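Asker: Need a 3D model of the following:
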Amino acid sequence: MSSIKLSEQEQKICLQVAKKSIEHGLQQGSALPVVTSEYTDSLQQQLASFVTLHKHGQLRGCIGALEAYQPLIKDIAEHAYAAAFQDPRFPALNASELEQLDIEISVLGKPEPMQFTGEADLLKQIRPGIDGLILEHGFNRGTFLPSVWEQLPDVTEFFKHLKNKAGLPMDWWRDDVKVSRYQTFSFS
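Answerer: Residues are numbered from 1 along each chain as shown. This is a model prediction of the structure:
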């Protein structure tokens, strides 16, 4: 995604803020307060992010937003805290785990609705390793970041698991389902 580029220094700052926000959470029980004006224009842009935590190569938390609603640097601080302490799939992080964490940040591009005539047509349009997907039907909604392709490289399996994540059966299909794709700029 060419529209989002952060310098190596800005990437380092984002990763430092994410780690500091987790440390702040351990000590204060809340995300690191961020004064956005202290950061570069790029980090003050309204962009959506996901923060993914891994411990020994295993997922330990992942929280983010699909749509931008606040400055990127603040978004990262809040999602790092939430990934460590509020991901319902995991117990809250404890201090002994902090040094074992790998932090990955994904900055999301704007989702683009996809047009398709059925599930087979949709699957043909999906670009493995490139596209993150959002699936929506009624109150059901789920997303997979492009990094999920590393675990699920097959398009059919990727989409089945996405349906499952959205709370739908893996073999489910309705022609009125909404699917959007997006790309990310990720670093760790």
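Asker: In the protein, where is pLDDT below threshold?
Answerer: 1-3 (pLDDT under 70).
Asker: switch the cut-off to 50
Answerer: Residues of the chain meeting the criterion pLDDT under 50: 1-2.
Asker: Which residue ranges of it form strands?
Answerer: Residue ranges of the strands in the chain, as given by DSSP state E, are 48-55, 58-64, 101-108, 112-113, 132-137, 140-144, 178-182, 184-187.
Asker: list the helices and strands the last one packs on?
Answerer: In this structure, strand 184-187 packs against helix 8-28, strand 101-108, with contacts taken as 3 or more C-beta pairs under 8 Å, 6 or more residues apart in numbering; DSSP states H and E. The way it works is simple: take the backbone N, C-alpha and C, and place the C-beta from them, glycine included.
Asker: do the same with the third one
Answerer: Identification of packing neighbours for strand 101-108 by 3+ C-beta pairs under 8 Å, 6+ apart yields helix 8-28, strand 48-55, strand 58-64, helix 72-85, strand 184-187.
Asker: ranking those by burial, who's on top?
Answerer: Greatest average neighbour count among the helices and strands packed on strand 101-108 goes to helix 72-85 (a mean of 26), per mean count of other C-beta atoms under 10 Å.
Asker: now it and strand 58-64, what's the angle there?
Answerer: Orientation check (axes from the mean of the first three to the mean of the last three C-alpha atoms, to 10 degrees): helix 72-85 against strand 58-64 gives 140 degrees.
Asker: and helix 72-85, what does it pack onto?
Answerer: Against helix 72-85 (3+ C-beta pairs under 8 Å, 6+ apart) you get helix 8-28, helix 41-44, strand 48-55, strand 58-64, strand 101-108.
Asker: Name the nearest residue to Ile126, sequence neighbours excluded.
Answerer: Val155 (5.3 Å; C-beta to C-beta, 6 or more residues apart in numbering).
Asker: Quick check, the one you found in contact with Pro128.
Answerer: Yes - with contact defined as C-beta atoms under 8 Å, Val155 counts as touching Pro128 (5.8 Å).
Asker: more crowded one of these two?
Answerer: Val155 (17 against 12; other C-beta atoms under 10 Å).
Asker: what's near enough to touch the more buried one?
Answerer: 123, 126, 128 (C-beta atoms under 8 Å, 6 or more residues apart in numbering).
Asker: got a list of what the nearest residue to His79 once chain neighbours are set aside touches?
Answerer: Distances taken as C-beta to C-beta, 6+ apart place Val51 nearest to His79, at 4.1 Å, with adjacent residues excluded. Residues counted as contacts of Val51 (C-beta under 8 Å, 6+ apart) are 18, 61-64, 76, 79-80, 82-83, 103-106.
Asker: Repeat that for Pro33.
Answerer: Ala77.
Asker: if we can go back for a sec, take the helices and strands packed on strand 184-187 and write them to TSV, including distance to Ser180.
Answerer: Compiled in TSV, these are given as follows (distance: least, C-beta to C-beta, whole Å):
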stretch	distance to Ser180
helix 8-28	25
strand 101-108	11
